[in-house]
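**Student:** quick one: sequence plus predicted model below, questions after.
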Amino acid sequence: MGDAAYIAVAQVGELQPDEMKAFEHDGKRLLLVFADGDYFVVDEMCTHEDYSLALGCIKGRRIKCSLHGSYFDLETGVPDEEPADEPICSYGVKVSNGSVWFNPASRR
Ligand code: FES
């Protein structure tokens, strides 16, 4: 699988630090996050209940669900604060040619 698997989701500079952008791919709701100088693409919905993490906030390299306060590591998707105990998916991301790309087939 080569670079063809990557899909451009934003321009570099489009997001401010700690900003996120929700988008859909293949019927899936995803979230592009610019945190701590890096880009991450993760599932938009919290694994605890069906609640959008886009309504939460970024803390360092974690995203907080604003409904019950679970934190997810943006790189691994693993929750490190209850009540969520299932990880969200974090996808492969790269920056090239002034764009941010993600690979829906590659999970971190
Ligand atoms: S819905 Fe996200 S922590 Fe409960």
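**Tutor:** Good, I have the coordinates.

**Student:** which other helices and strands does the helix or strand of the chain with the lowest mean pLDDT contact?
**Tutor:** In the chain, no helix or strand scores lower on mean pLDDT, DSSP states H and E than strand 99-107, which sits at a mean of 92. If you count contacts as 3 or more Cβ pairs under 8 Å, 6 or more residues apart in numbering; DSSP states H and E, strand 99-107 packs onto strand 7-11, strand 28-35, strand 90-96. Heads up, the C-betas are built off the backbone N, CA and C, glycines and all.

**Student:** could you redo the last one with a cut-off of 7 Å?
**Tutor:** strand 7-11, strand 90-96 (3 or more Cβ pairs under 7 Å, 6 or more residues apart in numbering; DSSP states H and E).

**Student:** I figured residue 57 hits residue 69, correct?
**Tutor:** No: using Cβ atoms under 7 Å, residue 57 is not in contact with residue 69, being 10.8 Å away.

**Student:** count of neighbours near residue 80?
**Tutor:** Counted by other Cβ atoms under 10 Å, the residues lying close to residue 80 total 11.

**Student:** flag every residue of the chain that's near the ligand.
**Tutor:** Residues of the chain that fall close to the ligand, judged by Cβ under 6 Å from any ligand atom: 46, 48-49, 51, 65, 67-68, 70, 83-84.

**Student:** ok, now with 8 Å
**Tutor:** Within the chain, the positions near the ligand by Cβ under 8 Å from any ligand atom are 46-51, 53, 56, 65-70, 83-84.

**Student:** which of those sit farthest apart?
**Tutor:** Maximum pairwise distance in those, criterion Cβ to Cβ, is 16.4 Å, between 50 and 69.

**Student:** who has more neighbours out of the two?
**Tutor:** residue 69 (13 against 8).

**Student:** doesn't the more buried one fall inside a strand?
**Tutor:** No: looking at residue 69 with DSSP: H, G, I helix; E, B strand; the rest coil, it is coil, so not inside a strand.
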